[in-house]
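**Q** Sequence first, then the predicted structure, then my questions.
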Amino acid sequence: MLVIADNNPVKHIRRAYVNYALILLCVVLFFLDPPYQHYGFTPANLHLVGGPKAQTSWDMIALQSVSYIFLHADILHLAGNMIALWVFGNNIEDSMGHARYPLFFVLCGVAGAVCEGVMSATPMVPVVGASGAIAGVMGAYLLLHPRARVLVLVAFRIPVLVPASVFVGLTIALDVFSALLPNPDSEMLIAWWAHIGGFAAGMVLILAMRHRDVALFQPAAIYPENGFGRFRWLMINLAPRPGSDTQTASRWRQGWFAFKTVAFFVTIVVIVEAFFA
């Protein structure tokens, strides 16, 4: 799944300048191509996992636990992360302000590095990418805007409008499932535990770092209905209407929504695996 839009307005800031700067930094460093062996994070360096231990100073470990966030392995890795950061990051910056947001972002990335250092199944493989920090942004978004409608490309082909809780929930569930697989695919090494650690950190940090007037679990009614423009008719809309979850029949509606959402995603996965894999 690839999230491409959320139409969730900002209220406390005019522009998410810090979020734009983080995206720009990742893009610039990708093309400068610094050496991964110096600035990528190697889980074994934390001395918390099995296998041979690298002789690395704690100063270098601290540097790499931050620098790895801004490096990416290839253009698809970069593009996927930056699109997700573009969609979700502006609202998290809005919730805590320009000054706190970069600290929040880095702390989520560091938490991801520590979690990967503790749990990694491939401790000698360097880790790069903003995925852990972005997972933290998504964890914060889940607590603030679970009902916000996000536009997702299912199987990178089918545009679907769903609540953010569905996309974020399925994403983290996939991360946990993949992390617990006994034999990781050597051809697709992904730092699943970094995602999980960043996600957990984001959910905890947002409680303390958000502005006092920013509420948790904001209702769907505050999000504009027409923000996706004339192309809404092209989308499959699985998002419940604003206010429907506050009616007396909300339990029936929520149950029906959950059923049709799961059925839809399972159907899409089966079709893609059968005809496009």
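**A** Perfect, I can see it now.
**Q** did I read that right, residue 150 in a strand?
**A** Yes - counting by DSSP: H, G, I helix; E, B strand; the rest coil, residue 150 falls inside a strand.
**Q** helices and strands of this structure: which one bottoms out on pLDDT?
**A** helix 250-275 (a mean of 62; mean pLDDT, DSSP states H and E).
**Q** quick one, what contacts residue 18?
**A** Residue 18 makes contact with 93, 98, 101-102, according to Cβ atoms under 8 Å, 6 or more residues apart in numbering. Placement of C-beta: from N, CA and C, glycine included.
**Q** Show me where the stretch 151-277 of the chain has its strands.
**A** In the stretch 151-277 of the chain, the strands defined using DSSP state E, counting those that start in this stretch lie at 158-163, 236-237.
**Q** ok, of those strands, where does mean pLDDT dip lowest?
**A** Comparing mean pLDDT over these, the weakest stretch is strand 236-237, at a mean of 66.
**Q** just for the stretch 151-277 of the chain, where's the confidence low?
**A** Counting by pLDDT under 70, the stretch 151-277 of the chain shows low-confidence ranges at 183-188, 221-277.
**Q** quick check: mean pLDDT across the helix or strand hosting residue 116?
**A** Assigned by DSSP states H and E, residue 116 falls within helix 100-119. Helix 100-119 shows an average pLDDT of 96 in the prediction.
**Q** likewise stretch 70-87?
**A** pLDDT averaged over stretch 70-87 gives 95.
**Q** The residue nearest the centre of the chain: which element?
**A** Residue closest to the mean C-alpha point of the chain, counted by Cα atoms, centre = their mean, is residue 135 at 3.4 Å. Taking DSSP H and E as the criterion, residue 135 maps to helix 131-144.
**Q** Dump the contacts of residue 18 into JSON lines; add neighbour count and distance to residue 203 as well.
**A** Listed next are these as JSON lines, based on neighbours: other Cβ atoms under 10 Å; distance: Cβ to Cβ, whole Å:
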{"residue": "93", "neighbour count": "27", "distance to residue 203": "17"}
{"residue": "98", "neighbour count": "16", "distance to residue 203": "22"}
{"residue": "101", "neighbour count": "24", "distance to residue 203": "16"}
{"residue": "102", "neighbour count": "14", "distance to residue 203": "19"}
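**Q** With respect to residue 61, which of the residues you listed is nearest?
**A** residue 102 (20.7 Å; Cβ to Cβ).
**Q** hmm, back to that, could you say which of the strands of the stretch 151-277 of the chain is packed most deeply?
**A** strand 158-163 (a mean of 20; mean count of other Cβ atoms under 10 Å).
**Q** Tell me the helices and strands packed up against that strand.
**A** strand 149-154, strand 236-237, helix 250-275 (3 or more Cβ pairs under 8 Å, 6 or more residues apart in numbering; DSSP states H and E).
**Q** again, 6 Å this time
**A** With contacts defined as 3 or more Cβ pairs under 6 Å, 6 or more residues apart in numbering; DSSP states H and E, strand 158-163 has these neighbours: strand 149-154.
**Q** Name the residues that touch the strand it packs on?
**A** 1-6, 159-162, 164, 167, 239, 268 (Cβ atoms under 6 Å, 6 or more residues apart in numbering).
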